[in-house]
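Colleague: Sequence first, predicted model second:
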Amino acid sequence: MASVPPLGKGEEPYRLFHAAYFGDLPLVKRLLNLLDAKDGLPEAIASIKDDDGATLLHVAAAGGQTKVCKYLVEEVKVDVDLREELDQKSFGSLGESPLHYASKCGHYRTAVYLLKKGANPNAAHAVIGLTPLHCAVSGGSKKLLKLLISKGANLNAVADCGTPLHLAAGCGNEDCVEVLLDNHADPNMIVHDIHSPLMTSIGAKSIECMKLLLKAGADPNLSGPIGMSPLSLAASGGSTEIIQCLLSAGADPNVIDNLTGVKPVEEAALHHNHEAVRILLPVTSPIPIISDWSYAGIMRHVHSKEGEEGRERHLKEDTLFSKSKGEELINKKDYMGAIYWYTKVIRASPTDADALSNRSLCWAQLEMGEEALKDAHCCILLRPGWAKAYYRAGVAWMLLKEFEKAADAFYDGWKLDLEDEELEHAFW
């Protein structure tokens with residue numbers, strides 16, 4: 001075997017990671033012997049990371065290289081729950097563990113080994129909340145799901161994407177939905193004030209997942225705080241099979257959607273889902289404002305000036321409500337939930353700089369720099385004399401590690417408001 005040049009200071013540890021991922025244990029050992037390990041080899045290994053903060057143990061787990069993992073854990077004494085180190089803004093907050101990596105990449109044997117050595121099946125990503133169970137759902141492995149559940153994984157752990165059941169239903173993965181429900185995952189859990197697993201299955205147009213959820217006790221009328229019912233969502237999407245399935249399960253065709261102020265039949269008409277209108281019309285109680293209670297009459301009304309004005313009035317009321325919900329969720333540090341509400345506001349009023357600023361804040365808290373920057377730039381364009389808009393841009397540039405641009409943004413904001421201590425501190 002050819003000699004391996006030492007890993008110099010600042011050199012990318014590509015060869016070491018490559019060897020670990022592909023299971024070349026002799027090469028891993030040789031390269032580790034070349035490391036500067038004054039503080040100990042486990043510490044040296046923990047300090048070497050890729051751009052995502054992953055260490056050598058993470059990479060070996062992602063490759064399913066159980067022998068490499070065993071060497072690192074048992075001989076080198078690397079912590080089996082070693083976590084990614086996130087962006088410096090997180091001040092050391094913890095990312096994914098090697099078990100996350102093994103789970104999302106579908107490596108059953110590696111996951112068995114890590115769990116045997118004490119890996120935490122409920123380790124949660126500090127920012128987005130993902131657990132190994134979420135990752136196993138993403139990977140689509142029933143076998144891994146069953147393994148993690150048998151080791152005490154929390155079936156109802158909440159991440160930004162919801163619980164593992166929300167994720168499975170939203171992906172249309174009926175096998176994972178079935179495993180989770182068989183182990184008593186909650187089919188009626190609403191997360192971020194937004195949606196239930198049933199709603200995510202309807203959004204994915206997965207009739208099989210929806211049937212499994214309804215069979216397990218999912219409430220066909222559960223709308224959650226946002227007000228949209230499963231039947232309204234199905235009516236907007238136009239799947240007649242889903243609509244009929246919901247009606248058979250007891251969905252109420254007369255429920256009024258708090259988002260739009262209309263019934264499911266009107267929702268279907270708004271989206272020109274003609275067959276859905278015909279299915280819903282006979283089971284819906286007549287709406288007094290619609291004088292001609294027929295297919296043609298409903299289609300005329302919802303697309304008339306009168307119908308449009310009624311929805312606009314409702315939209316203004318809903319926008320005020322959405323802003324208050326967004327503020328409430330920011331105070332609760334539920335940033336993904338707040339993003340949902342501010343997005344509603346922005347769709348209704350694209351020039352609302354306050355909503356854009358608050359959504360930028362939420363993106364930043366979730367360390368999503370590009371999204372935070374887009375909203376901050378929109379704020380600057382809309383209100384170029386607003387110091388806060390430049391502060392939002394500065395924070396976003398910091399997340400993207402564009403420190404000179406961040407300093408420029410903070411300085412531009414500070415010049416607009418010399419008494420803003422937050423901007424002054426950020427710049428100086």
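Modeller: Everything's here; your move. Residues are numbered from 1 along each chain as shown.
Colleague: going forward, measure contacts between C-alpha atoms and count neighbours the same way
Modeller: OK.
Colleague: what ranges do the helices span in the stretch 101-250 of the chain?
Modeller: 108-116, 132-139, 142-150, 164-170, 174-182, 197-203, 207-215, 230-237, 240-248 (DSSP state H, counting those that start in this stretch).
Colleague: Check the ones you listed for me and report the most buried one.
Modeller: Most buried of those, by mean neighbour count (mean count of other C-alpha atoms under 10 Å): helix 164-170, with a mean of 28.
Colleague: and it, what does it pack onto?
Modeller: Helix 164-170 is packed against helix 132-139, helix 174-182, helix 197-203, with contacts defined by 3 or more C-alpha pairs under 8 Å, 6 or more residues apart in numbering; DSSP states H and E.
Colleague: re the thing from before, quick one, which of the helices of the stretch 101-250 of the chain is nearest to Ala157?
Modeller: For the helices of the stretch 101-250 of the chain, proximity to Ala157 was assessed by C-alpha to C-alpha; helix 164-170 is nearest, at 7.1 Å.
Colleague: export the closest one as PDB, just CAs?
Modeller: Extracted in PDB, the C-alpha atoms of helix 164-170 (Å, rounded to 0.1, in the frame of the first residue of the first chain):
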ATOM      1  CA  PRO A 164     -42.600  10.700  12.800                       C
ATOM      2  CA  LEU A 165     -46.200   9.900  11.900                       C
ATOM      3  CA  HIS A 166     -46.600  13.300  10.300                       C
ATOM      4  CA  LEU A 167     -43.500  12.700   8.300                       C
ATOM      5  CA  ALA A 168     -44.500   9.200   7.200                       C
ATOM      6  CA  ALA A 169     -48.000  10.400   6.200                       C
ATOM      7  CA  GLY A 170     -46.600  13.400   4.400                       C
END
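Colleague: Now that helix: average pLDDT?
Modeller: If you average the pLDDT over helix 164-170, you get 95.
Colleague: Name the residues that touch it?
Modeller: With C-alpha atoms under 8 Å, 6 or more residues apart in numbering as the test, helix 164-170 has contacts from 133-134, 137-138, 155-158, 161, 174, 176-177, 180-181, 185-187, 196-198, 200-201, 203-204, 206, 209-210.
Colleague: can you put the helices of the stretch 101-250 of the chain in TSV and add distance to His303?
Modeller: Formatted as TSV, these follow (distance: least, C-alpha to C-alpha, whole Å):
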stretch	distance to His303
helix 108-116	54
helix 132-139	41
helix 142-150	47
helix 164-170	31
helix 174-182	38
helix 197-203	24
helix 207-215	30
helix 230-237	15
helix 240-248	22
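Colleague: Of the ones you listed, which is nearest Thr260?
Modeller: Using C-alpha to C-alpha, the nearest of those to Thr260 is helix 230-237, at 9.9 Å.
Colleague: Go ahead and measure how far the closest one is from the middle of the chain.
Modeller: When distances are taken as C-alpha atoms, centre = their mean, to the nearest Å, helix 230-237 is centred 22 Å away from the chain's centroid.
Colleague: so where is the stretch 301-428 of the chain shaky, pLDDT-wise?
Modeller: Low-confidence segments of the stretch 301-428 of the chain, defined by pLDDT under 70, are located at 418-428.
Colleague: go with 50
Modeller: The model of the stretch 301-428 of the chain has pLDDT under 50 over residues 427.
Colleague: sorry, back to before: next, format the helices and strands packed on helix 164-170 as JSON lines and append distance to His107.
Modeller: Shown next, in JSON lines, are these (distance: least, C-alpha to C-alpha, whole Å):
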{"stretch": "helix 132-139", "distance to His107": "9"}
{"stretch": "helix 174-182", "distance to His107": "16"}
{"stretch": "helix 197-203", "distance to His107": "27"}
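Colleague: Distance to Arg109 and mean pLDDT added to the ones you listed, as a markdown table?
Modeller: Below are these laid out as a markdown table (distance: least, C-alpha to C-alpha, whole Å; pLDDT from 0 to 100):
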| stretch | distance to Arg109 | mean pLDDT |
| --- | --- | --- |
| helix 132-139 | 13 | 95 |
| helix 174-182 | 19 | 97 |
| helix 197-203 | 30 | 93 |
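Colleague: From Glu266, how far off is Asn254?
Modeller: Per C-alpha to C-alpha, to the nearest Å, Asn254 is found 10 Å from Glu266.
Colleague: more crowded one of these two?
Modeller: More crowded of Asn254 and Glu266, by other C-alpha atoms under 10 Å: Glu266, with 28 against 18.
Colleague: Kind regards, and thank you for your time.
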